[in-house]
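*Asks:* below are the sequence and a predicted model for it; my questions follow.
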Amino acid sequence: MSVFHPDLKRGRFLPNVSYGRLSSRIVRSVKWRATDPGPDVTVQEIVVPGPKGAPPVSLRVFQPTGLKAAAPALLWIHGGGLIFGAPEQDDRTNIAFARELGITVAAVRYRLGPDHPAPAAVEDAYAALRGLAERAGDLHIDVDRIAIGGASAGGGIAAALALLAHDRAEIRPVFQLLLYPMLDDRTTTRTDLDTLKVRVPHVWSAWAAKVGGLGGEANAVRRVGRLPLARCPGRPLRSDAGHRSARSARSVCRATR
């Protein structure tokens, strides 16, 4: 990317920094302020059982006021580079989803790296999905119409969640909503995509935190190379072997049905 697209020209001012354990904890210590949903949307915090051996998982649930009949639901996964963020950061969007679509939106509060490397985040998301299905009656959710989605790191976790749900065959999400998802770790080391070096440091912080440490690019490369598919869900979609790409694409298609 030798020249910025006009819509992205401010990208050149992104700070060329990376994040470690201490700096990421400092950023996470700043709490997001919740948004008042108004009288036509209700917000509640619910807790569902977490993954085996892990803490319970909290969800921030938005619903149209007075919802009585079973309606679709969206499990939303926030972004933040796998090391930052909270459900409250997407309150405005989630309130709008609930208000305009008449659906339930449940934003999961998942564990963050580097303190909790993969598969902690996707396992928390799976526990949230399972918890929504188990409480479908109480929450007036149509269990056959639960979608999953997220932005940036949350989009990557949502894609991994689709694969995990497909493999476990307990719950079948009806739809994926992936907004600029963080899918493929390999793009962070391609200099032809980032000749100005504005993305590599902080993106590598995110991937290194996900796979289990912040010990530099070389260590992260070694870790990522051994990852199962659900941790880097974009990997099977890009391959020099055409037959592998086709087979993987079919697998992802099956996961979305």
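*Replies:* Done, it's in.
*Asks:* every contact and neighbour count from this point should use C-alpha atoms.
*Replies:* Noted.
*Asks:* and residue 120, how close does it get to residue 159?
*Replies:* 15 Å (CA to CA, to the nearest Å).
*Asks:* so the two - more neighbours on which side?
*Replies:* residue 159 (30 against 19; other CA atoms under 10 Å).
*Asks:* what's whichever helix or strand that one is part of packed up against?
*Replies:* Using DSSP states H and E, residue 159 falls within helix 153-168. The helices and strands touching helix 153-168, judged by 3 or more CA pairs under 8 Å, 6 or more residues apart in numbering; DSSP states H and E, are strand 71-77, helix 120-134, strand 141-151, strand 176-179, helix 242-256.
*Asks:* out of those, deepest packed?
*Replies:* strand 71-77 (a mean of 26; mean count of other CA atoms under 10 Å).
*Asks:* residue 51 touches residue 124, doesn't it?
*Replies:* Yes - the criterion here is CA atoms under 8 Å, and residue 51 meets it with residue 124 at 6.3 Å.
*Asks:* per-residue pLDDT, residue 219?
*Replies:* Residue 219 is assigned 42 on the pLDDT scale.
*Asks:* give the full set of residues in contact with the residue lying closest to residue 157 once chain neighbours are set aside.
*Replies:* Using CA to CA, 6 or more residues apart in numbering and skipping residues adjacent in sequence, the residue nearest residue 157 is residue 122, 5.7 Å away. Contacts for residue 122 (CA atoms under 8 Å, 6 or more residues apart in numbering) come out as 157, 158, 160, 161.
*Asks:* residue 157 too?
*Replies:* 77, 121, 122, 125, 150, 231.
*Asks:* pick out the lowest-pLDDT one from those.
*Replies:* On pLDDT alone, residue 231 ranks lowest of those, at 54.
*Asks:* so where is this structure shaky, pLDDT-wise?
*Replies:* 1-4, 11-12, 14-20, 185-257 (pLDDT under 70).
*Asks:* send me the helix holding residue 159 as PDB with only the CA atoms.
*Replies:* Provided in PDB are the C-alpha atoms of helix 153-168 (Å, rounded to 0.1, in the frame of the first residue of the first chain):
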ATOM      1  CA  ALA A 153     -11.200  -8.600  16.500                       C
ATOM      2  CA  GLY A 154     -14.800  -9.400  17.400                       C
ATOM      3  CA  GLY A 155     -15.400 -10.200  13.700                       C
ATOM      4  CA  GLY A 156     -12.500 -12.700  13.800                       C
ATOM      5  CA  ILE A 157     -13.900 -14.300  17.000                       C
ATOM      6  CA  ALA A 158     -17.300 -14.500  15.400                       C
ATOM      7  CA  ALA A 159     -15.800 -16.300  12.400                       C
ATOM      8  CA  ALA A 160     -14.000 -18.700  14.700                       C
ATOM      9  CA  LEU A 161     -17.200 -19.200  16.700                       C
ATOM     10  CA  ALA A 162     -19.000 -20.300  13.500                       C
ATOM     11  CA  LEU A 163     -16.400 -22.900  12.900                       C
ATOM     12  CA  LEU A 164     -16.400 -24.100  16.500                       C
ATOM     13  CA  ALA A 165     -20.300 -24.300  16.500                       C
ATOM     14  CA  HIS A 166     -20.100 -26.300  13.300                       C
ATOM     15  CA  ASP A 167     -17.600 -28.700  14.700                       C
ATOM     16  CA  ARG A 168     -19.500 -29.200  18.000                       C
END
